[in-house]
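**Q** mind looking at a prediction? Sequence and model below.
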Amino acid sequence: MKELEYPFDSESVLKKSKKFRRQLLEGRTDFLSKKIAVLGGSTTHDIVRILEVFLLNQGIRPQFYESEYAQYWQDVMFDNPELVEFAPDLIYIHTSNRNVTAYPAVTDTVQQVEAALEEQYEHFHVMWEKIAEKYHCPVIQNNFEYPFYRLLGNQEAVCLQGRISFLNRLNEKFYQYARTHTGFYIHDINYMAASYGLDKWADPFYWHMYKYAMCMSAIPEFAYNLSNMIKAIFGKNKKALVLDLDNTLWGGIVGDDGVENLEIGQETSMGQVYSEFQSYVKAHKEIGVMLNINSKNEYDNAIAGLEHPDGILKPDDFILIKANWEPKSRNIQEIAAELNILPDSLVFVDDNPAEREIVETQVPGVAAPAIGAPEQYIRILDHAGFFEVTALSEDDRKRNEMYKANLARQKQQLSFGDYTQYLLSLEMKGTIKPFEPVYMARIAQLTNKSNQFNLTTKRCTQSDIEQFAADDGYITRYGKLEDKFGDNGVVSVVIGRKERDKDALHIDLWLMSCRVLKRDMEYAMMDSVVEACRQCEIHTIFGYYYPTAKNAMVREFYRTLGFAKIQEDAEGGSIWRFDITESYEKKNKVIEVQG
Amino acid sequence: MSREEVFEKLNEVFRDVFDDEEITVTDATTADDIEDWDSLEHINLLAAVEQEFGMKFNMGQVVSMKNVGEMADIIISQI
C-alpha cells in the first residue's frame, strides 16, 4: 500500500490507521502469522497500533500481547501466566531512558558510577537470560536515546557522572551482549531520536500526559523502523536492487549527451552527489544484495556509461544488465526469472515516476520507492530499510559471486547435449550432515526465506534449529554444494520427526535453495535421509506437501523421489509414503557426497 | 475560520480517526457518545486535530477539556 511505504506521511498514517488496517486485511489472505509480545517500559498502545499496519503491509499478520503499563520486567521475571500461555514468536522490549533508574549523581565517585552502571545493566541482563531460558524466541531490545536536557552541558558526554556518558556506556554493554548472543537484536532508538530531532522526539508533553517515551508524530517512523527489523528476522527482506542508469546512477543521458558529458565524479557538485550514490549502491554487494540494471538505452551506451573512468560502479558489479527498449516491467520480470527469485524481492530504483508507476502496476510486489531528488536518493532508500541486516553471514557477502557463477553454469549448460554429462562436468561435491553449530544461523535463515522449493514452509528461529539438532527424536540434515565454479554454501535442509515406538519418519521440513535447482541435490539429500533411517531401524517415510501461493513447483516433488500419494485434501495439500526396501538404490549419481 | 467551518473540519478528523463515516460532532459531544473514543484513542484524536488546524494544545487545556465545544473554542482562540 503506497501510503505505508517510505517516505510516508506520518500524520496520515496516525490518523487513518484503522482504515489502512481494514483495507490491508481485505486485500490479501496469505499472511505470515506471528505472535509478538510487546513488553513496555512506557505506553505502547499507539506503537502497537501503527506497528500492526506496517507489518500487515509487509505481509506479516501479528497477534500482540501487550504488557500492562511499564510491567516489562515483572512480566518476564515472575512468569506472567498470560505471557507464558501466549508463547510469543518474538519479544520486543520497549524501554527508553525514562526507565533508567540508576543514574549517577554528579557528586558520585568513580567507583559509585561503576556500581550504578553494573546495577542498571544487570536489571536488563537477568531479564534477557530469563527470556532465553524460558521462551527461545528472537528478542528485540531498544537501546537508550539521549535525554533532552544536559545539566553539565557538553561535559555530560565526558564526565563519567554525566547522563550522556552513562547512557553511552550502558548502550555499549547492550551491544556487547547483542554481539555475543544470536537471536538478540538491538533496536537503535538512539539513532531514531537523533535522526528525528531529539527536542521534538523527547517532547515532555507526551511523557507527562500519556507516558509515551516519544512524541506522537514520531511513532510512525519508530514503528516502521521496528517493523523492518521484525520482517528481516522473519525472512522478508528484499534481495536485489534493479537500477535505472540515466539520471539515477549519473546525471545526464548517456545516449544523447555522450559519456564525456555525464555528471559523475568529483568535478561538479552534482557529479559528487551521483558518486556518493554509486558508492552507497556498491556497498550493498557486501551485505549480499544483488545489483542489476534495467535501463532504456542501447546496450553499448549503457556499458560505456558504466565504464566512465570516474564511475564507482563498473559493469562487473552487476549480475544482470538489461539495457534495451523493452518496457521496464518486462525487463524486471525477466530479471526475477533469471535470478530465480520472486518479484517481491526486488527494489526498483528509477528517477522517473512514470517508469516506477508502470513497474508497480505491471509487476505487483516490486518496491518502487519515490526516491525524490538525487541528493535524497540515499536517505530515502536507506530509511526505507529494504535490506535491514540482522546478522551478517558469510553467504551474504559471497552472494553476488555465487549468482555470477550460476549464470556461468547456465551458459555452459547450452553447450552440452546430455544433461547428465553436463552435471558430471560440474564436478560437484556435496556435504550432507546432521545440523552443526557453525551452520545454525544459515539453516534458520533458509527456513525463513525459502518459499518456492519448500514443502511445508515451516519457519524456524535459530533456537528452534538448535533444539531439533539436540533432540534424539529428530533426524536433521543440511546439504552444502560445491562445484567447479564456486561454493554454493548451505542450500538444502531436511528435518524428520521420528514417530515414537513406530518405525516411521515424518518429514516436517524439506527445502532447497532455488539456486541449485536441477542439480540432483534433492536425490543426494534423499539418499542421506534413507541412510539415517536405516541406522535407526526406520522403514517408512511420510512426506507432506502444504500448498502456499509460492510453492506449486514442489507439488509433485515426492513423486519424483518415488513416494506414493496416500491422501490429498481439497486445498491441494497431500501426504506421501515411501517404504525403504533392502534394494534401495542411491538416486544421486552425479554429486560426490561426504557424509 | 468560522465556528461552522471548524466543526466541518472536526467531523472529517473524527471520521478518519474512528474510521466511521457516520460521525457528526456537536458542542455537546463527549467521549461517551462515540463508542471507540477511550482515553488511548483520545491521544490519537488530539494529535490529528492539532495537525489539521496547525496548532498545539498545552497540558492544561488537555486536562480540562470537557466536550467537543470546548475543543472548538480552544482551536478558534489559537488559529
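**A** Arrived safely. Here the structure is a predicted model, which is why all the values come from computation and not from measurement.

**Q** what sits against A:His125?
**A** Residues near A:His125 by Cβ atoms under 8 Å, 6 or more residues apart in numbering or on different chains: A:Tyr177. (C-beta placed from N, C-alpha, C; glycine too.)

**Q** which pLDDT value goes with it?
**A** With respect to pLDDT, A:His125 scores 95.

**Q** helices or strands next to the helix or strand encompassing B:Gly60 in the packing?
**A** Following DSSP states H and E, one finds B:Gly60 within helix B:59-64. The contact analysis (3 or more Cβ pairs under 8 Å, 6 or more residues apart in numbering or on different chains; DSSP states H and E) places helix B:59-64 against helix A:204-210.

**Q** recalculate using a threshold of 10 Å.
**A** helix A:204-210, helix B:39-53, helix B:68-78 (3 or more Cβ pairs under 10 Å, 6 or more residues apart in numbering or on different chains; DSSP states H and E).

**Q** can you tell which of those is closest to A:Asn324?
**A** Among these, the nearest to A:Asn324 by Cβ to Cβ is helix B:39-53 (46.2 Å).

**Q** sorry, back to before: now render the helices and strands packed on helix B:59-64 as CSV, adding mean neighbour count and distance to A:Gly486.
**A** Putting the helices and strands packed on helix B:59-64 into CSV (neighbours: other Cβ atoms under 10 Å in any protein chain shown; distance: least, Cβ to Cβ, whole Å) gives the following:
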stretch, mean neighbour count, distance to A:Gly486
helix A:204-210, 16, 53
helix B:39-53, 19, 53
helix B:68-78, 17, 66
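
**Q** for the helix holding B:Gly60, what is the distance to the chain centroid?
**A** 13 Å (Cα atoms, centre = their mean, to the nearest Å).

**Q** stretch A:322-333 now?
**A** 27 Å.

**Q** that older thread, buried stuff in the helix holding B:Gly60?
**A** B:Gln61, B:Val62 (16 or more other Cβ atoms under 10 Å in any protein chain shown).

**Q** stretch A:100-113 too?
**A** A:Val100, A:Ala102, A:Tyr103, A:Pro104, A:Val113.

**Q** which residues sit against the host helix or strand of A:Trp576?
**A** A:Trp576 belongs to strand A:574-579 when assigned by DSSP H and E. For strand A:574-579, contacts defined as Cβ atoms under 10 Å, 6 or more residues apart in numbering or on different chains pick out A:455, A:504-507, A:526, A:529-530, A:533, A:539-547, A:555-559, A:561-569, A:584.

**Q** just the ones of those in helices?
**A** A:Met526, A:Val529, A:Val530, A:Cys533, A:Phe557, A:Tyr558, A:Arg559 (DSSP state H).

**Q** spatially nearest residue to the fifth one (excluding sequence neighbours)?
**A** Residue nearest to A:Phe557 in three dimensions, not counting chain neighbours: A:Leu455, with 6.4 Å by Cβ to Cβ, 6 or more residues apart in numbering or on different chains.

**Q** how many neighbouring residues does the one you found have?
**A** When neighbours are defined as other Cβ atoms under 10 Å in any protein chain shown, A:Leu455 has 24 of them.

**Q** for it, which residues are in contact?
**A** A:Leu455 touches A:494, A:507-512, A:543-547, A:551, A:554-555, A:557-558, A:574, A:576, counting by Cβ under 10 Å, 6+ apart.

**Q** now those: which count as buried?
**A** In these, the ones that pass as buried (16+ other Cβ under 10 Å) are A:494, A:507-512, A:543-545, A:547, A:551, A:554, A:557-558, A:574, A:576.

**Q** OK, contacts around residue 56?
**A** Here I'm looking at chain A. By Cβ under 10 Å, 6+ apart, the contact set of A:Leu56 is A:Met1, A:Leu4, A:Phe20, A:Arg21, A:Gln23, A:Leu24, A:Leu25, A:Gly27, A:Arg28, A:Phe31, A:Pro62, A:Ser227.

**Q** sorry, I should have been clearer: chain B.
**A** Shown in contact with B:Lys56 (Cβ under 10 Å, 6+ apart): A:Asp203, A:Phe205, B:Leu46, B:Ala47, B:Glu50, B:Gln78.

**Q** if you set the cut-off to 8 Å instead, what comes out?
**A** Contacts of B:Lys56 were listed using Cβ under 8 Å, 6+ apart, and they are B:Glu50, B:Gln78.

**Q** cool, A:Tyr299 as well?
**A** Counting by Cβ under 8 Å, 6+ apart, the residues that A:Tyr299 touches are A:Ile321, A:Ala323, A:Asn324.

**Q** ok, 7 Å please
**A** Neighbour list for A:Tyr299: A:Ala323, A:Asn324 [criterion: Cβ atoms under 7 Å, 6 or more residues apart in numbering or on different chains].

**Q** for it, phi and psi?
**A** With angles defined as degrees, to the nearest 10, A:Tyr299 sits at phi -60, psi -40.

**Q** how much space separates it from chain B?
**A** Look at A:Tyr299 and chain B: by Cβ to the nearest Cβ, to the nearest Å, they are 49 Å apart.

**Q** circling back: tell me the one among the contacts of A:Leu56 nearest to chain B.
**A** Within these, proximity to chain B (Cβ to the nearest Cβ) peaks at A:Arg21, which comes in at 8.4 Å.

**Q** find the nearest non-adjacent residue to that closest one, please.
**A** Using Cβ to Cβ, 6+ apart, the closest residue to A:Arg21 is A:Val53 (5.2 Å).

**Q** also A:Pro315?
**A** Closest to A:Pro315 by Cβ to Cβ, 6+ apart is A:Leu306, at 4.8 Å.

**Q** list the contacts of that neighbour.
**A** Residues near A:Leu306 by Cβ under 7 Å, 6+ apart: A:Leu313, A:Lys314, A:Pro315.

**Q** burial count for the first one?
**A** Read that as A:Leu313. 24.

**Q** how about the secondary structure of it?
**A** Of the three states, A:Leu313 takes coil according to DSSP: H, G, I helix; E, B strand; the rest coil.

**Q** my guess is it contacts A:Leu249, does it?
**A** Yes. Counting by Cβ atoms under 7 Å, A:Leu249 is a contact partner of A:Leu313 at 6.5 Å.

**Q** any shared contact partners between those two?
**A** A:Gln278.

**Q** from A:Ala564, how far out is A:Phe8?
**A** A:Phe8 sits 52 Å away from A:Ala564, going by Cβ to Cβ, to the nearest Å.

**Q** higher neighbour count, the two?
**A** Set A:Phe8 next to A:Ala564 and count neighbours by other Cβ under 10 Å: A:Phe8 wins out with 18 against 10.

**Q** you'd agree A:His94 is up against A:Gly41?
**A** Yes. If you go by Cβ under 7 Å, A:His94 and A:Gly41 touch, sitting 6.3 Å apart.

**Q** between the two, which one's more packed in?
**A** Legend: neighbour count by other Cβ under 10 Å for A:His94 and A:Gly41, higher for A:His94 (26 against 22).

**Q** now do the same contact list for residue 3.
**A** Just so you know, I chose chain A. Per Cβ under 7 Å, 6+ apart, neighbours of A:Glu3: A:Ser12, A:Val13, A:Phe20.

**Q** wrong one, I was asking about chain B
**A** Listed by Cβ under 7 Å, 6+ apart, the contact set of B:Arg3 reads B:Ala72, B:Ile76.

**Q** how far off centre is the strand holding A:Trp576?
**A** Remark: strand A:574-579 is offset 33 Å from the chain centroid, using Cα atoms, centre = their mean.

**Q** after that strand comes which helix or strand?
**A** strand A:592-594.

**Q** is A:Phe348 in a helix, a strand, or coil?
**A** Using three-state DSSP, the secondary structure recorded for A:Phe348 is strand.

**Q** that one: neighbour count?
**A** A:Phe348: 28 neighbours (other Cβ under 10 Å).

**Q** what pairs with it across the strands?
**A** Counting by DSSP bridges, A:Phe348 is bridged to A:Val242.

**Q** residues touching the residue in chain B positioned nearest to chain A, list them.
**A** Of all residues in chain B, the one sitting closest to chain A is B:Asp19 (3.6 Å; Cβ to the nearest Cβ). By Cβ under 7 Å, 6+ apart, the contact set of B:Asp19 is A:Lys18, A:Lys19, A:Arg22.

**Q** understood, closing this out.
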